[in-house]
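> okay, structure incoming, though there's no sequence with it:
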């Protein structure tokens, strides 16, 4: 390169900077809010009254804080092996902490399926072969959270049509303990799911990759990379856990209704929960999507009193039907407005159903979503044929041969007004009296 050309390049660069071109480009890329000792990125919120979600990047050391529901949940993730001050490289949207053989990179992720409210990635960047194949992240602020491991599906679940993506197998769904559903006038916790930590990968300089093993125990999130991969890798190597913000379960099930091999079916799917106080039901929300094309179907949401007439029958407390619901291929919640039914403190089952006779394209499923969780009663009954929907939605009590003992939390929640201990002049109160859908986070 000639000296004259170098001078011209410098002059052009100075001119661009002087007119604000480069600075403007950097500002467009930079999504961080400078708070002095930390940088923050605000995330979107797909559900009303769900509060603000954000990710904070601590400048002095590699620590990321995941805040949800206006900071009510504040989960910290730090990598203590690197101890150095971080910075955001010019024309980038990420933070970097560089220290010797290892670096930590962290950056926000746009909203997409599996992280409907966005997320972030944290990478351990290995410049050379490390001394160990286990990389530990310290977790704090998890006292009020449940970490539910997502194992591989059983053959019976696969045969039934359930789908658990590869990056969900071996991942963790994170739920707020004892907080779910939505009391009007308060925070909408929806299913109670805060995040999902997806199964991480290790990727070398030539794009070779392998799955790593994720494990959470007593405040330590460990990522174990196969030793042979590290032995054979072309360095540098990235180890990349991904954290997602979502309220939906990460596993899809062939439920609610569908058309498969010319057979139309309708399935009632329900989930037990406990209402610890009296209230008035406002609505029921069902997380669902169509498997391959937009379908217009009739849908039914219901609330049953659990075990009201014995261990296998449930009296109908509230029900609402929506006709011609356009269910798209994007997973989201569909809300069914109730008729202000009065609820007492009791055990309930919240349920959903749709009309398989309305499904036009074979094969198509109107899917449900769930996460494996602690033991909570899951109910499902199915019936084939064009008239199955009419039979099921009219069933009162809902009769079952036996409740399922599968450990699942489905993407269902209720919105209601609390009347327990309410002041005489107020319709809502600030109490911890939410409906509990027992059992249901995203990291990749």
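Happy to help now that I have it. Every value quoted in this text rests on a predicted model; they were computed, and no experiment measured them.
> alpha carbons only for contacts and neighbour counts from here, please
Fine.
> now the terminal residues of stretch 337-344, how far apart.
Stretch 337-344 has its terminal residues 19 Å apart, counting by Cα to Cα, to the nearest Å.
> same thing with stretch 148-156?
In stretch 148-156, first residue to last residue: 21 Å (Cα to Cα).
> in the chain, which spans are helices?
With DSSP state H as the criterion, the chain has helices at 3-18, 21-29, 155-159, 227-232, 388-393.
> which stretch in those helices has the least confidence?
Summarising mean pLDDT across the helices of the chain, the least confident stretch is helix 3-18, with a mean of 42.
> just want the most central residue of the chain.
Against the mean C-alpha coordinate of the chain, by Cα atoms, centre = their mean, the closest residue is residue 246 at 2.8 Å.
> who's the closest spatial neighbour of residue 140, skipping the chain neighbours?
Taking Cα to Cα, 6 or more residues apart in numbering, and ignoring the residues beside it in sequence, residue 140 has residue 76 as its nearest neighbour in space, at 5.0 Å.
> that should have said residue 116, apologies.
Residue 116 sits nearest to residue 246 (Cα to Cα, 6+ apart), 5.4 Å away.
> is it true that the one you found touches residue 113?
No: at 9.1 Å, residue 246 does not count as touching residue 113 under the criterion of Cα atoms under 8 Å.
> low-confidence ranges in the chain?
Low-confidence segments of the chain (pLDDT under 70): 1-30, 91, 308-311, 375-376, 401-405, 420-444.
> quick one: neighbours of residue 294, just the number.
As a burial measure, the neighbour count of residue 294 was computed by other Cα atoms under 10 Å and equals 19.
> next: residue 288.
A count of nearby residues for residue 288, using other Cα under 10 Å, gives 27.
> so what pairs up with the spatially closest residue to residue 164 that is not a sequence neighbour in the strands?
Beyond its immediate neighbours in the sequence, the residue positioned closest to residue 164 (Cα to Cα, 6+ apart) is residue 251, lying 4.8 Å away. Residue 251 has the following beta-bridge partners by DSSP bridges: residue 370.
> over to residue 366?
In this entry, residue 366 is beta-bridged to residue 257, residue 290, by DSSP bridges.
> thinking it is in contact with residue 259, fair?
No: the pair residue 366 and residue 259 fails to qualify as a contact (Cα under 8 Å) at a distance of 9.1 Å.
> okay, those two: which has more neighbours?
Applying other Cα under 10 Å to residue 366 and residue 259 shows that residue 366 carries more neighbours, namely 30 against 22.
> and the more buried one, how far from residue 408?
Going from residue 366 to residue 408 by Cα to Cα gives 18 Å.
> what's the answer for residue 270, then?
Following Cα to Cα, the distance that separates residue 270 from residue 408 is 11 Å.
> what does residue 324 give?
From residue 324 across to residue 408, the span is 29 Å (Cα to Cα).
> same question, residue 151
Using Cα to Cα, residue 151 is found at 12 Å from residue 408.
> need the overlap of contacts for these two.
A shared contact of residue 151 and residue 408, defined by Cα atoms under 8 Å, 6 or more residues apart in numbering, is any residue touching both; here these are residue 372.
> still on that earlier bit, dump the residue contacts of the residue nearest to residue 116.
The neighbours of residue 246, taking Cα under 8 Å, 6+ apart as the test, are 114-118, 193-196, 441-442.
> farthest pair within the residues you listed?
Of all pairs drawn from these, the one with the longest distance (Cα to Cα) is 118 and 193, at 13.9 Å.
> these two: which is more packed in?
Between residue 118 and residue 193, residue 193 has the larger neighbour count (other Cα under 10 Å), namely 28 against 25.
> for the closest residue to residue 300 other than its chain neighbours, grab the count of nearby residues.
Excluding the flanking residues, the one nearest residue 300 by Cα to Cα, 6+ apart is residue 321, at 4.4 Å. Here the neighbour count serves as a burial measure; for residue 321 (other Cα under 10 Å) it reads 18.
> same question for residue 165.
As a burial measure, residue 165 scores 12 neighbours (other Cα under 10 Å).
> and residue 201, by the same measure?
Residue 201 is flanked by 22 other residues according to other Cα under 10 Å.
> quick one: distance of stretch 295-306 to the chain centre.
22 Å (Cα atoms, centre = their mean, to the nearest Å).
> give me the contacts around it.
Taking Cα under 8 Å, 6+ apart as the rule, stretch 295-306 contacts 272, 284-286, 313-328, 336, 346-356, 358-360, 393, 398.
> and the gap between residue 207 and residue 153?
According to Cα to Cα, residue 207 and residue 153 sit 28 Å apart.
> ok, now residue 366?
Computed as Cα to Cα, the residue 366 to residue 153 distance reads 20 Å.
> tell me the buried residues within the contacts of stretch 295-306.
For the contacts of stretch 295-306, burial is judged from neighbour counts taken by 16 or more other Cα atoms under 10 Å, and it is met by 272, 284-286, 313-321, 327-328, 336, 347-356, 358-360, 393, 398.
> domain map for the protein?
If you go by automatic domain parsing, the domain ranges for the chain are 1-30, 33-245, 252-443.
> those strands in the stretch 251-400 of the chain, which residues are they?
For the stretch 251-400 of the chain, strands defined by DSSP state E, counting those that start in this stretch occupy the ranges 251-260, 263-275, 279-290, 295-305, 313-327, 332-337, 342-343, 346-354, 364-372, 378-384, 398-399.
> report the angle between the third one and strand 295-305.
The directions of strand 279-290 and strand 295-305 differ by 150 degrees, with axes from the mean of the first three to the mean of the last three Cα atoms, to 10 degrees as the criterion.
> cool, the longest one as well?
Calculated by the same axes, to 10 degrees, strand 313-327 forms an angle of 160 degrees with strand 295-305.
> ok, residues contacting strand 313-327?
For strand 313-327, using Cα under 8 Å, 6+ apart, the contacting residues are 288-290, 294-309, 336-339, 341, 366, 396-400.
> next one: the third one
The contact list for strand 279-290, computed with Cα under 8 Å, 6+ apart, reads 248, 301-302, 327-344, 350, 352, 364-369, 411-420.
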